[in-house]
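Enquirer: got a predicted structure plus its sequence, pasted below:
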Amino acid sequence: MFKQTPRLTSRLLTLHWLFWQACLKPLFGALAVLFVVMPSFASDDATIIMYHRFGESNLPSTNIQLDVFDAHLQTIRDEGWTVLPLAEIVSKLKSGERLPDKALAITIDDAFSSVYAEAFPRLQAYDYPFTIFVATQSIDRGLNGYASWDQIREMQAAGVEIGSQSHTHPHMHRLSADQVRQEINTSNTRFYEELGERPRFFAYPYGEYSSEVRDIIKASGFEAAFGQASGVAHASIDAFEWPRFAFNENYGDINRLTLAVEAKALPISDITNGDMVLTNNPPYLGFTVAAGIEPLNRLICFASGMGRIDVIQLGRRIEVRLPEAFSNYRSRINCTMPVLENDQDTGRFRWYSRQFVLN
């Protein structure tokens, strides 16, 4: 029988230690990183939320009350949702990189003075990145209720992303192609003169655009553009039509924030009648849902002023039909379906929304 000596035992222990250091320890370290990181980086979509005014209760349709906004920020922290710069979300969605589950970007339109006075210090206190979309003419004129260029520069120096919302904040689909280009050229000139750079991102004023406007914005060198239809940003959606969930006094409670951040994209393709500006009213809307997205038979759609509407399913093809014409200038169709895990409802929803405006 083989007999171990103290010297041999010591050498064996040394060899075991060397093998652990050279082979097993790096492997276990890599596995530990894998198990820690992978579950949180598991999403191919992100929620983008938007605000306008803060603590301006005389304008409730665009205002969020300060105590409600404080509750939003605390809920984001308490729930462990991941706030990322809009630029990072755009980059990763376009490149196919994974994002943390329940990732979100915070955006603010119009650069009202309450953004600087109320939102900016609160967001700084939480160390949350955010983006402001600015229409340059209002700032140039020093209009009451708007931030100044000095305040915008201060926010930019603190790391706030400054995006464009045109020069005069028009209903852009009502402009000619040359007028749209002039809006962009004028605002870009003013941004460069005041901030030393031109914006990378664009937000459509009022969330309105036509296919022509979208294509002009795309050709102008922006990296992405955003509307105001509720929904989740995903690579299957044109990066110049990415949705945002808007919050105000009427639509601003914590339950809606939770619904928005925990929502998932509804990946679709082959959209028919996708132009926002209606040429036929009522419109019909059709799209194909990506393979593997289930349970398709539980997809339902709602239309502004009409409630739940009929959906025709042809394989993975969805055709939405309205019972009557839209009567409001601005209307939406929202389609949702539950997210299941192991055939059980998670309480989360896939979400696709389309906004329409009368021509």
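Expert: Noted; the coordinates are in hand.
Enquirer: for the spatially most central residue of the chain, give its distance to Ala246.
Expert: In the chain, the C-alpha nearest the mean C-alpha coordinate belongs to Ile48, at 2.3 Å (C-alpha atoms, centre = their mean). According to C-beta to C-beta, to the nearest Å, Ile48 stands 10 Å off from Ala246. Where C-beta positions appear, they are placed from N, C-alpha and C, glycine not excepted.
Enquirer: the residue nearest to the centre of the chain contacts Ala225, doesn't it?
Expert: No. Applying C-beta atoms under 8 Å as the test, Ile48 and Ala225 come out as separate, 11.6 Å apart.
Enquirer: between those two, which contacts overlap?
Expert: By C-beta atoms under 8 Å, 6 or more residues apart in numbering, Ile48 and Ala225 have these common neighbours: Trp242.
Enquirer: let me see the domain layout of this structure.
Expert: For the chain, automatic domain parsing gives the domain ranges 45-264, 270-358.
Enquirer: want to throw those domains into a markdown table with mean pLDDT?
Expert: Formatted as a markdown table, the domains of the chain follow (pLDDT from 0 to 100):
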| stretch | mean pLDDT |
| --- | --- |
| domain 45-264 | 97 |
| domain 270-358 | 94 |
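Enquirer: which of the ones you listed has the highest mean neighbour count?
Expert: Most buried of the domains of the chain, by mean neighbour count (mean count of other C-beta atoms under 10 Å): domain 45-264, with a mean of 18.
Enquirer: what segments of the stretch 201-350 of the chain are strands?
Expert: 201-203, 224-226, 233-234, 245-246, 264-265, 268-272, 277-278, 284-289, 300-303, 307-314, 317-321, 330-341, 344-358 (DSSP state E, counting those that start in this stretch).
Enquirer: distance to His72 for the ones you listed - can I get that in TSV?
Expert: TSV is the format used below for the strands of the stretch 201-350 of the chain (distance: least, C-beta to C-beta, whole Å):
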stretch	distance to His72
strand 201-203	20
strand 224-226	19
strand 233-234	19
strand 245-246	11
strand 264-265	20
strand 268-272	29
strand 277-278	33
strand 284-289	31
strand 300-303	25
strand 307-314	28
strand 317-321	32
strand 330-341	22
strand 344-358	19
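Enquirer: Gln137: which of those strands is closest?
Expert: strand 201-203 (15.2 Å; C-beta to C-beta).
Enquirer: list the helices and strands the closest one packs on?
Expert: Here strand 201-203 touches helix 86-95, strand 131-134, strand 161-164, strand 224-226, going by 3 or more C-beta pairs under 8 Å, 6 or more residues apart in numbering; DSSP states H and E.
Enquirer: contacting residues around the longest one?
Expert: To tie it back to what came earlier, the one meant is helix 86-95. 44-46, 48, 97-99, 103, 105, 107, 129-131, 161, 163, 200-201, 223-224, 233-235, 239.
Enquirer: what's the longest helix anywhere in the chain packed up against?
Expert: Across the chain, the longest stretch assigned as helix under DSSP state H is helix 177-195. Counting contacts by 3+ C-beta pairs under 8 Å, 6+ apart, helix 177-195 packs against helix 136-140, helix 149-157, strand 161-164, helix 211-219.
Enquirer: can you put these in JSON lines and add distance to Val339?
Expert: Listed next are the helices and strands packed on helix 177-195 as JSON lines, based on distance: least, C-beta to C-beta, whole Å:
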{"stretch": "helix 136-140", "distance to Val339": "40"}
{"stretch": "helix 149-157", "distance to Val339": "36"}
{"stretch": "strand 161-164", "distance to Val339": "30"}
{"stretch": "helix 211-219", "distance to Val339": "29"}
